[in-house]
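>>> Take a look and give me a structure for this.
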Amino acid sequence: MKVLIGPNGDMDLENSIPELSDQFPDVEFLVSTSYVEATQQVVDVDIMVGWINQAILEAAKNLKWIQSISSGTNYYLNIPGLVDSDILLTSASGTHGACLAESAMGMIFAFTRGIRKCIQSQNTRQWSEHRYIRGNMKELTGSTMGIVGFGASGRALARRAFAFDMRIVAVDMFPSDKPEYVDHLWGIDQLSDLLQTSDYVVIMAPYTDQTKAMIGTEELAEMKTSAMLVIMSRGGIVDQDALAKTLKNGHLFAAASDVFSPEPLSENSDLWDLENMLITPHIAGGTQLEGQYVTQIFFENLKRFVRGDYELKNLVHKKRGF
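Reported below is the predicted structural model:
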């Protein structure tokens, strides 16, 4: 059996090969640091972990399982032929829960605690906005956090929001196992209720046919004028043009997003110039523990796979999209 550790950014998954080799002496491990090299090496490989592209998929004659290094898998599922193939796909779901949740809270604090304003004032060496900034600061106590998508990242966010004395409501396509500290966990059909009641709406849902353009002009209009929208999971779930218009009209207090469609965000986008919009370039999944988390999932799945157990952790329903 052959395993190819392909391109994986800064995760350095190849550093785990000595331990993997000790654990699985009958498995041969290969490393490719580029897509071109991976295309050449993948021909007789059984398992691949890392980023792939269409050329790699077409070259893979024996591939049985791909371990994504991303929590979301729409990038993989957009590669022609993968969805209809017999190749198993597993995600890195759960590995980015903490860092996405912390980034979401940080984006909220950037506005509610005046941090964004202070950074802007510091850049121009201004102290004059002191009273204005302090007079507009908010604390989270007693406010409502609405979480759209209650998977690993949504649950990580809920735990942190609860620690700040927030009321929590959430919607999910498959709502189950509601924690005691969550007031309501509804089906996605009650998205309207969440939007109307929440002071902070955070998008943690995967990008699928069901969530594509799920929040547009009508949905944004349902939110409180004092509310903030935070987009963390994938671009394309929120209509960016509708969001820009809503912010321009002053209907929302603020918005922040780490993800866009397409990426990078066009320099012509109206979102860049909005005072009540915070943009980060798809970095929220970053953590010093990212490679460690992905390796742990791969270790567990590889143990199952070599003994013929194909009920892998984070197994993706390819047609459903997650």
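>>> contacting residues for the most centrally placed residue in the chain?
By Cα atoms, centre = their mean, the mean C-alpha position of the chain lies nearest to Ser233, the distance being 3.3 Å. Taking Cβ atoms under 8 Å, 6 or more residues apart in numbering, we find Ser233 in contact with Gly72, Leu100, Gly149, Ser153, Ile203, Met204, Ala205, Pro206, Tyr207, Val259. Using the backbone N, CA and C atoms, a C-beta is placed for each residue, glycine as well.
>>> wait, doesn't the fourth one sit right on Ile203?
No: in this structure, Ser153 is not within contact of Ile203 by Cβ atoms under 8 Å, at 10.1 Å.
>>> More neighbours: the two, which one.
Ser153 (30 against 26; other Cβ atoms under 10 Å).
>>> any idea which helix or strand carries that one?
helix 152-163 (DSSP states H and E).
>>> Please apply the same query to Val36.
helix 35-41.
>>> I'd like to know which elements the helix or strand that that helix is followed by is packed against.
Sequence-wise, the next helix or strand downstream of helix 35-41 (DSSP H and E) is strand 47-49. Strand 47-49 is packed against strand 2-5, strand 65-67, helix 290-306, with contacts defined by 3 or more Cβ pairs under 8 Å, 6 or more residues apart in numbering; DSSP states H and E.
>>> In TSV, list those along with mean pLDDT and mean neighbour count.
Formatted as TSV, those follow (pLDDT from 0 to 100; neighbours: other Cβ atoms under 10 Å):
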stretch	mean pLDDT	mean neighbour count
strand 2-5	97	23
strand 65-67	98	25
helix 290-306	95	19
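>>> Ok, which of the ones you listed comes nearest Leu140?
helix 290-306 (27.3 Å; Cβ to Cβ).
>>> List the contacts of the residue with the largest distance to the centre of the chain.
Farthest-out residue of the chain from its mean C-alpha position, per Cα atoms, centre = their mean: Ser128, at 37.9 Å. Residues near Ser128 by Cβ under 8 Å, 6+ apart: Ser121.
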